[in-house]
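**Q** Could you look at this predicted model? Sequence included:
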Amino acid sequence: MNTNYLIAVVDDDQHIRNLVEAYLQKENYRTIGLGSAEEAWTLWQTSPPDMWVLDVMLPGMDGYEFCRRIRNEAEVPIIMISARDNEVDKILGLELGSDDYLVKPFSPRELVARIKRQLQRWYKMSNPVEPSSSNPHTLTHIEISHLQLLLEERRVFWHGKEIELTSKEFTLLKVFAASPNRAFTRDELLTHVWGDDYFGSDRAVDHLIKRMRKKLDLLPIEAVWGHGYRMRIEEGVEIDEASTSD
C-alpha cells in the first residue's frame, strides 16, 4: 500500500498538531496542520487531503459540522479526536460519518496505528480486486424497475438520471439490489460495506442509508423493525440481471 498520502490534522492546539504531524512524518506520510474547520474547508475545496484527523472542539465551526459536510460529498477517511469521552459524543461522531473516535489524551502511536488501518481499508475500497476472468458468471448489470446499476463502471441511474454516489453508498446499494426483498441486519451491512474489522457503531448504517435516500428520492429501502433494512420490491416488478456470460 502506498504511504504517500496527505493527511490533514485539524486542531486548534498547535502542540497537538505538531506532535501528530511529527509521528506521521516518521511513517513517511505527508501532512498539513490546520487550526480551524474553516481553514480545513478551504483546503477541501482546493487541495483535498486523503484523510482527516479532526478535533471536535474547534473555534467557529466544530468538528461535528465539518464531518457532516465532508460526508455529504465523499467517503474520505476521518478520525475524530476529542477530550469528550462520554458515549453520546462518540456515537454522534460515528453517526455523522467519522470512521473512528479517539479520546484525548491519546497515544500518538495508537493514533498512527488507527490511521494505517483506515487507509488500508480505504485503499481496498478504492481499488477493488477485479473479478477473475475464469468466472463466466460475473454480475455486470442490475436493473430493477427505475433503478439501474452498471457494476463494472460503478454507475447508477435512477428514473433515467445518473446519480453520483460515494463508494460506500454504491456498495450498499449493490448489496440491496443484488438481493431484493431480503432483510439484512445492520451487522451484515456493516460487514459488506465497512469490512469485518469495523468496530464503530452500527448506527453508521442508518446514517449512510439516510444520505442515500436524499440522493435517490423514493428509493424503496425500508426498515425492518428489530432487524435491519431491505429493499422492498413489489410482486410482478421485473428484475433484470446480466453477467459476463450473457
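**A** Nice, thanks for sending it over. Numbers count the residues shown, from 1 in each chain.

**Q** count of neighbours near residue 8?
**A** Residue 8 is flanked by 24 other residues according to other C-beta atoms under 10 Å. Heads up, the C-betas are built off the backbone N, CA and C, glycines and all.

**Q** so what's the spatially most central residue of the chain up against?
**A** Taking C-alpha atoms, centre = their mean as the criterion, residue 75 is the residue nearest the geometric centre of the chain, at 4.1 Å. By C-beta atoms under 8 Å, 6 or more residues apart in numbering, residue 75 lies in contact with 122, 125, 166, 167, 168, 169.

**Q** Can I get those in CSV including pLDDT, neighbour count and secondary structure?
**A** As requested, the contacts of residue 75 are exported to CSV (pLDDT from 0 to 100; neighbours: other C-beta atoms under 10 Å; DSSP: H, G, I helix; E, B strand; the rest coil):
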residue, pLDDT, neighbour count, secondary structure
122, 77, 19, helix
125, 66, 17, helix
166, 81, 20, coil
167, 80, 16, helix
168, 84, 20, helix
169, 88, 20, helix
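
**Q** List the neighbouring strands of the helix or strand harbouring residue 149 plus their orientation.
**A** If you go by DSSP states H and E, residue 149 is part of strand 147-150. Strand 147-150 has the following sheet partners, assigned by DSSP bridges: strand 139-144 (antiparallel), strand 155-158 (antiparallel).

**Q** Roughly how far does the residue nearest to the centre of the chain sit from residue 168?
**A** 5 Å (C-beta to C-beta, to the nearest Å).
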